[in-house]
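A.B. asks: Pasting the sequence and the predicted model now:
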Amino acid sequence: MKRFYKTASAGPAEGGFQVLLDGRAVRTPAKAPLLLPAKDLAERIAAEWEAQGEKIEPGAMPFMSLASTGIDRVTPQREAVIDQIAAYGGSDLVCYRAEEPEELVHRQMAAWQPLLDWAEARFDARLTVTAGIMPAAQPEGALRALRLAVAEYDDLVLSGLYQLTTGFGSLIIALAVVEGRVDVETGTGLAQLDELFQEERWGGDSEASARRANIASNMADAARFVALCRV
């Protein structure tokens, strides 16, 4: 789509803030009002629109995409989205540990176990750790507690949490980032621990590095989006 506006700005709206293109309120792809909870978030999305060139590139507007997802996709199917996010607790990355080599075993223990201890203290969710790749059934009480924790967030935050959870492959790491237990750069490193360990031992390649960098960028956007939702 060609750029059809001259200027983008943010302004107040009934119940929140909005993004304006030549003074007209932006709507989501599903034509819903783009009503935002914080001025800083509206200004960030307005900056994405302002930065567009002659053609509009939706892929260059991650904050607009996350906000639209929250409004168009999370709101009408909130319970289903909560279920999808919470389901990661049943097979969370940090619960599956290597049996060897010893150095990796120690790294996983040192990096991941504090997060599981935090999740137990914070959410009353004690997850089971297993060695190898065979599935381990998690306690129903822990899974219920994690779902209740996810359900506490509003629709826009759930949009960011969904991106973090799927990107990390771990609900626990995603919650730790959203709750401020770790920053997003640390969270990304925790999620990529195994891959980075293998690269140390055997060397890496440009394709894998580019993929990790792309994931890191997406995770940083999602974490910043969540933070702006709460300003």
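C.D. replies: Perfect, thanks for sending it.
A.B. asks: all strands for the chain, in order.
C.D. replies: Applying DSSP state E to the chain gives strands spanning 8-13, 16-21, 24-25, 96-97, 130-131.
A.B. asks: Direction included, what does the third one pair against?
C.D. replies: Spelled out, it's strand 24-25. Here strand 24-25 is paired, per DSSP bridges, with strand 16-21 (antiparallel).
A.B. asks: Over to the first one?
C.D. replies: Strand partners for strand 8-13, identified by DSSP bridges, are recorded as strand 16-21 (antiparallel).
A.B. asks: contacting residues around Ala25?
C.D. replies: Ala13, Gln18, Val19, Pro33, Leu34 (CB atoms under 8 Å, 6 or more residues apart in numbering). C-beta here means a position set from N, CA and C on the backbone, and glycine is covered the same way.
A.B. asks: Quick check: the residue most central in space within the chain vs Cys95, distance?
C.D. replies: Central residue of the chain (CA atoms, centre = their mean): Leu164, 2.1 Å from the mean position. Using CB to CB, to the nearest Å, Leu164 is found at 17 Å from Cys95.
A.B. asks: Verify the stated contact: Val19 with Ala47.
C.D. replies: No - between Val19 and Ala47 there is no contact under CB atoms under 8 Å: 9.6 Å.
A.B. asks: who has more neighbours, those two?
C.D. replies: Val19 (28 against 15; other CB atoms under 10 Å).
A.B. asks: From the chain's centroid, how far away is stretch 68-87?
C.D. replies: 13 Å (CA atoms, centre = their mean, to the nearest Å).
A.B. asks: now stretch 52-60
C.D. replies: Centroid separation for stretch 52-60 versus its chain: 23 Å, with CA atoms, centre = their mean.
A.B. asks: Quick one: end-to-end distance for it.
C.D. replies: One end of stretch 52-60 sits 8 Å from the other (CA to CA, to the nearest Å).
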